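Engineer: Sequence first, predicted model second:
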Amino acid sequence: MNAQQLNSRKKEILDYQEGLLKRASEAHKPLTATENAQFDNLTKELDSLNVIINRVNGIAQGRQELGHPRETGIFTDTNASKFYALAGAKSTTPMNVDESYVKGFWRSLKSPNTALDFQIKNAALGEGGTAADGSYLVPIETDPSIPNLAMVECSARQLSKVMTTDMNINIPFQSAKSVAAVKAESNNSGTNAFGTSVPQFNTTLLSAFVVGNSIYASWELLEDAKAANQFIPAELQRAIRTEEEYLFINGTGSGQPQGYLGNATTATGASITAGAAALGINPILDTLGSLNRAYYANAKWLVNRQEALRLFKAQVAASQFQTYITFTGKSGGMQLLGFDVEFSYEMPVYSASPSVNGQWLFGDFNAFAVIGDRGDSNIRIKVLDQVAALNGQTVILGYRRTDQRIVLTEAVVNLQTTS
């Protein structure tokens with residue numbers, strides 16, 4: 001499985017967990033023992049998927065840095081099934097499966113008629129025999145549509161302030177407030193001057209970093225598979241948006257955009273599930289109270305959907321059936337304490353092992369961060385028909401130049417959640 005397929009499975013699990021909690025909340029009753037067991041088992045699978053996804057992404061990034069393919073076909077030893085020598089061998093020692101073996105194996109399934117392939121012999125007509133046995137009689141057609149894997153949840157670009165730039169620019173912001181003080185009256189005993197306190201300012205540099213990818217496609221494929229002409233540009237856009245979400249949430253700001261995490265004001269509060277389940281809503285209320293009231297007008301929550309469901313489950317377990325959480329339609333929209341909840345798959349989810357803290361962000365992200373897109377905000381798709389022409393290939397290239405900088409750290413508060 002690749003990262004996209006793993007994320008698709010995560011979405012299925014989260015949707016199922018959310019459905020369990022909705023039904024329990026609407027019925028004003030806690031989850032049954034069976035439902036609790038189902039929920040916990042699915043949470044364990046989610047934790048395992050998160051670990052695997054991180055490893056797959058790490059391997060893919062390493063291969064990309066080395067100039068190797070991101071994915072390769074392999075034979076795996078699953079369910080204790082192994083490959084053995086087929087030509088009458090009695091050995092039970094597993095074979096080393098190399099590239100030539102793989103090619104020969106699959107070629108034998110299509111047309112097993114050479115000495116180099118594994119032989120499948122029978123005297124009857126059939127699809128799996130030689131051409132004379134009937135394999136040429138079987139029509140083959142591929143559905144012209146290409147069902148694509150689901151897009152992961154990305155919200156940062158919609159939350160931050162977005163502007164276009166023609167060059168690197170400094171974004172000014174106030175770094176400290178001025179302070180007023182009581183002035184004593186000036187009279188015959190003497191004069192008393194007003195105190196002096198001036199505001200302080202700072203700037204952050206908004207530049208541009210290229211985020212992109214390229215896909216090589218043969219001329220034959222582009223001519224024969226018409227759907228690929230629409231699928232490849234859409235896939236490039238998906239890949240770029242996914243990488244940008246990672247950077248806008250986790251970016252270090254050094255040689256890449258600056259992310260949300262680590263740059264917001266720390267909220268008061270504790271774990272959403274520590275100790276008694278009744279603590280479910282308490283840290284969220286503390287977080288709400290930690291944000292300056294001036295930012296409430298545009299405030300939203302940002303969290304991983306899996307982490308939001310942890311809170312929901314803690315409420316149901318504590319019989320907290322007040323409308324802290326409400327749902328808007330069938331699209332998965334959610335409100336928490338009257339504020340919209342946005343989801344990002346890049347927001348951390350609590351995990352006991354390996355130890356990872358969950359994260360919640362709450363505030364006015366438009367005031368908190370600014371995204372600068374160089375020239376315009378479009379993802380540029382370029383078709384390069386000369387670069388690999390000698391190999392009969394066309395290169396489809398997609399990229400966007402962008403940067404993000406944190407401006408007002410007080411505009412968003414951050415809650416870390418633990419066990």
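Structural biologist: Looks like it arrived, so ask away. Residues are numbered from 1 along each chain as shown.
Engineer: where does Met151 land in three-state SS?
Structural biologist: What DSSP: H, G, I helix; E, B strand; the rest coil gives for Met151 is coil.
Engineer: Need the per-residue pLDDT for the closest residue to it other than its chain neighbours.
Structural biologist: Spatial nearest neighbour of Met151, chain neighbours left out: Arg238 (5.7 Å); criterion: C-beta to C-beta, 6 or more residues apart in numbering. The way it works is simple: take the backbone N, C-alpha and C, and place the C-beta from them, glycine included. At Arg238, the pLDDT value in this model is 94.
Engineer: ok, now the one 3 residues further on?
Structural biologist: In the predicted model, Arg241 carries a pLDDT score of 95.
Engineer: and it, how far is that from Ile371?
Structural biologist: 13 Å (C-beta to C-beta, to the nearest Å).
Engineer: Mutual contacts of those two, please.
Structural biologist: Common neighbours of Arg241 and Ile371 (criterion: C-beta atoms under 8 Å, 6 or more residues apart in numbering): Arg157.
Engineer: Of those two, which one has the most company?
Structural biologist: Set Arg241 next to Ile371 and count neighbours by other C-beta atoms under 10 Å: Ile371 wins out with 22 against 17.
Engineer: unless I'm mixing things up, that one is touching Gln404, no?
Structural biologist: Yes: here Ile371 reaches Gln404: they are 4.7 Å apart, a contact under C-beta atoms under 8 Å.
Engineer: Overlap in contacts, these two.
Structural biologist: With C-beta under 8 Å, 6+ apart, Ile371 and Gln404 have common neighbours Ser160, Phe248, Pro257.
Engineer: In the stretch 301-419 of the chain, what residue spans correspond to helices?
Structural biologist: Ranges of helices in the stretch 301-419 of the chain, per DSSP state H, counting those that start in this stretch, are 305-317, 365-368.
Engineer: Need those in TSV (columns: mean neighbour count).
Structural biologist: Output for the helices of the stretch 301-419 of the chain, formatted as TSV (neighbours: other C-beta atoms under 10 Å):
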stretch	mean neighbour count
helix 305-317	23
helix 365-368	22
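Engineer: Compare those and say which comes out lowest on pLDDT.
Structural biologist: helix 305-317 (a mean of 83).
Engineer: tell me which strands and helices that one is in contact with?
Structural biologist: helix 3-26, helix 33-66, strand 325-328, strand 333-336, strand 339-343, strand 358-363 (3 or more C-beta pairs under 8 Å, 6 or more residues apart in numbering; DSSP states H and E).
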